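Peer 1: How does the following fold in three dimensions:
(2 chains)
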2 protein chains.
Amino acid sequence: MSHEFCSTRLKKVQASPIRKLVPFALEAKKQGVHVYHLNIGDPDVKTPEVMIDVLRQWEKNPIGYDHSKGNAAFIDALIGYYHKLGFGYLKPADIQVATGGSEAISMAFFATCEAGDEVIVFEPFYTNYNGYATVNDVKLVPILTKIENGFHLPAREEIEKKITPKTRAILYCNPNNPTGTVYTKEEIEMLVDIAKKYNLFLMSDEVYREYAYDGRKQISLLHYMPQLPKQLIVLDSLSKRYSLCGARLGVLISLNSDIMEGILRIGQARLSSGLVDQAIGAALKDVPDSYFAEVHKEYETRRDVLFEGLKKVPGIVIPRPEGAFYSIVKLPVKDSEHFAQWLLTDFRDNNETVMVAPAGGFYAQPDLGKHEVRIAYVLNAKDLKRSIEIIEKALAVYPQKI
Amino acid sequence: MSHEFCSTRLKKVQASPIRKLVPFALEAKKQGVHVYHLNIGDPDVKTPEVMIDVLRQWEKNPIGYDHSKGNAAFIDALIGYYHKLGFGYLKPADIQVATGGSEAISMAFFATCEAGDEVIVFEPFYTNYNGYATVNDVKLVPILTKIENGFHLPAREEIEKKITPKTRAILYCNPNNPTGTVYTKEEIEMLVDIAKKYNLFLMSDEVYREYAYDGRKQISLLHYMPQLPKQLIVLDSLSKRYSLCGARLGVLISLNSDIMEGILRIGQARLSSGLVDQAIGAALKDVPDSYFAEVHKEYETRRDVLFEGLKKVPGIVIPRPEGAFYSIVKLPVKDSEHFAQWLLTDFRDNNETVMVAPAGGFYAQPDLGKHEVRIAYVLNAKDLKRSIEIIEKALAVYPQKI
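Peer 2: As a prediction, this is how the structure comes out:
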């Protein structure tokens, strides 16, 4: 009797296009090569000192479980944050703390969809949605957005024609990872209206809420939640807001009590999110406004450096990023995955190279994104300038150009 | 058009029998009542100081992502721990760090089973297996173990007759939560042999490895892993070993590269486990052996206090717990869930009461465990003695006795 010792569904989980080239990066580093990481949204901006102080002043022992719903002081701090944004209607009952935004998205898929149901996403989309979809047996139905109009949403009829009896939700990310697009009020209201008309859930991933540039303001789905209380879900995380990617602090917000009670039961099965990370999170109430102002300015500067630098490189197409800290950039290469790997294995300039994420993994449809990469502008201006210089030099000698 | 705004699978996720009475406990506390928590395995034993020192001496800023597989120093420390136990064959590639033992179990279900597949468990079993099973669309098939023989495994034929074409795995917990049973070498070898004969996965939850009493030694499934490398999986956690329940540090061990590579891809989708928690975990290499010796002695003393105390209470049946820090105790009550709730809402002795977990939720078959509760002996001897006194006094006046 021959047997496969691995489920077929496990085989379907995709390797992260952000992380799968890591072994090549590690190999380059072993050879003493400096690698500039533009592949992952892991900022070099400092975590606020008041948060680090929580660790330095740690007294609690033992480090026991916290509540499955989340640490009470952390939830209070979150409520304060959302009230300050203008969403005074939010109560602790509307908030579930998740172990990272990742868990929040995964919980949302499970809570809204039956196995086999469909969720509409706009591609290119945050690649890890694929992983959560596979684990929760949800089918992502991609709707294409295009580099030539800055990856803004297509016309309403393009979206409506993808809705089937299996469609349960629309999921979008605003400001967008990987495109940097900040959706307009009209775009958000169109999605709310579609959700209403077709009885769909509408889920907004707002991890990059604060990062909108050129005077733009992100339009949060929280504005519309009281109008459509059962159908709107906001997914959030502290990772990017406070440079806390390694503290697994996600948030799921909904006014739908069936959803919230059910998700709490999932939360009970996994007991609690981290006690220490949540204590760090609770200190968000002590983070001065000046922290955000500085971080915002820093990222806007980086955006400028990236955009101004790359648009001058022959053959590169880059829309002006409106928010977040990513850009989908078109390169004059036959296969961006090969190019990204070649940067790590073959190309060195003064013993330095750059790591970028091939964009193919951000698209669901095959062959899309083949000439694009996602660049995370999470490095300081000096390192970013040097990275652009390396990309330009690399393209000049890369053999498989178009 | 009427619509349910919640998936049916979410509704199937059970409320934790350990945690669902929490609102009643909170209400009692609001009234100024002291509640002794015997409901949850959240020890009052101190976390090792060398681990707390990691927080106090924290320097890293920002708190960025770690590797999806796990923090390198933490994995090294784990390898050192397993080698010291005698499993020198284990390499870093055989280890996946999980965000709590919970995530490790959930990953194992997904990796070994197709949707709808069956996993055999021995009931009463760790109740949260239900949650992970529902989330991963796995059916738990319970095989009854009995209080009269200390919840040891039934005869081989009892197990074999539950195996169907849908069976993919057997999952057991050793030392056992909730029964306190430590399985013998013969029992473990019987399970390994069944796994071999029927091409099943065998998964051992060894979170309580160190807690075996009266000179017993836990027999780890790691002894057998090289014999059946594709089929054996060990699930582990630092929560109970170092009083680190609130640091979400789980471990999944397998020599099956398809499983390990697939699980790493799930790990990539959720990016990484907590950086700070893993730094705490890496300090396990500095925990002196004396810490375990003291903790072991402390729990054995507590076990004695609980067992000697409860066996004298009229109408109570308690097998002598062999390991872990739980006991399934039979009470002379009609419905243990009602009794547990009544303790919180109605009974006070000198303004104190006790919280226990009704055992029904640890059984899959309806009505089993109706007269039993799970007691976690995670409090110091003085508090435990007082808790036993409260239970005895409560039973004396509880109206719904049998």
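
Peer 1: make it CA atoms for all contacts and neighbour counts henceforth
Peer 2: Fine.

Peer 1: Show me how far stretch A:92-111 is from its chain's centre.
Peer 2: 14 Å (C-alpha atoms, centre = their mean, to the nearest Å).

Peer 1: for it, how far is the first residue from the last?
Peer 2: 19 Å (C-alpha to C-alpha, to the nearest Å).

Peer 1: For burial, what's the neighbour tally of the closest residue to chain B within the stretch 101-250 of chain A?
Peer 2: Closest contact between the stretch 101-250 of chain A and chain B, by C-alpha to the nearest C-alpha, is at A:Gly246 (4.2 Å). Using other C-alpha atoms under 10 Å in any protein chain shown, A:Gly246 has 25 other residues around it.

Peer 1: Make sure it is indeed in a helix.
Peer 2: No. According to DSSP: H, G, I helix; E, B strand; the rest coil, A:Gly246 belongs to no helix; its state is coil.

Peer 1: So for the residue nearest to A:His37 when sequence neighbours are not counted, what's the pLDDT?
Peer 2: Closest residue in space to A:His37, ignoring its immediate chain neighbours: A:Met355 at 5.1 Å, by C-alpha to C-alpha, 6 or more residues apart in numbering or on different chains. Per-residue pLDDT puts A:Met355 at 96.

Peer 1: list the contacts for A:Met355?
Peer 2: A:Ala25, A:Val35, A:Tyr36, A:His37, A:Leu38, A:Asn39, A:Ala340, A:Leu343, A:Leu344 (C-alpha atoms under 8 Å, 6 or more residues apart in numbering or on different chains).

Peer 1: Please apply the same query to A:Val356.
Peer 2: Here A:Val356 is in contact with A:Ile18, A:His37, A:Leu38, A:Asn39, A:Ile40, A:Ala340, A:Val373, A:Arg374, A:Ile375, A:Ala376 (C-alpha under 8 Å, 6+ apart).

Peer 1: Look up the closest residue to the residue positioned nearest the centre of chain A, ignoring the ones flanking it.
Peer 2: In chain A, the centroid-proximal residue (C-alpha atoms, centre = their mean) is A:Asn177; its distance is 5.0 Å. Distance criterion C-alpha to C-alpha, 6+ apart; nearest residue to A:Asn177, sequence neighbours excluded, is A:Tyr126 at 5.7 Å.

Peer 1: Got the confidence number for A:Met1?
Peer 2: You'll see A:Met1 listed with a pLDDT of 39.

Peer 1: export stretch A:374-382 as PDB, just CAs?
Peer 2: Taking Å, rounded to 0.1, in the frame of the first residue of the first chain, the C-alpha atoms of stretch A:374-382 are listed here in PDB:
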ATOM      1  CA  ARG A 374       7.300  45.100  -5.600                       C
ATOM      2  CA  ILE A 375       9.600  47.600  -3.900                       C
ATOM      3  CA  ALA A 376       9.200  48.300  -0.200                       C
ATOM      4  CA  TYR A 377      10.700  51.700   0.600                       C
ATOM      5  CA  VAL A 378      11.400  50.900   4.200                       C
ATOM      6  CA  LEU A 379      15.100  52.000   4.200                       C
ATOM      7  CA  ASN A 380      16.500  55.400   4.900                       C
ATOM      8  CA  ALA A 381      17.000  57.800   2.000                       C
ATOM      9  CA  LYS A 382      20.700  57.200   1.800                       C
END
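
Peer 1: Going by neighbour count, which residues of it are buried?
Peer 2: Within stretch A:374-382, the residues scored as buried using 16 or more other C-alpha atoms under 10 Å in any protein chain shown are A:Arg374, A:Ile375, A:Ala376, A:Tyr377, A:Val378, A:Leu379, A:Asn380, A:Ala381.

Peer 1: Okay then, goodbye and thanks.
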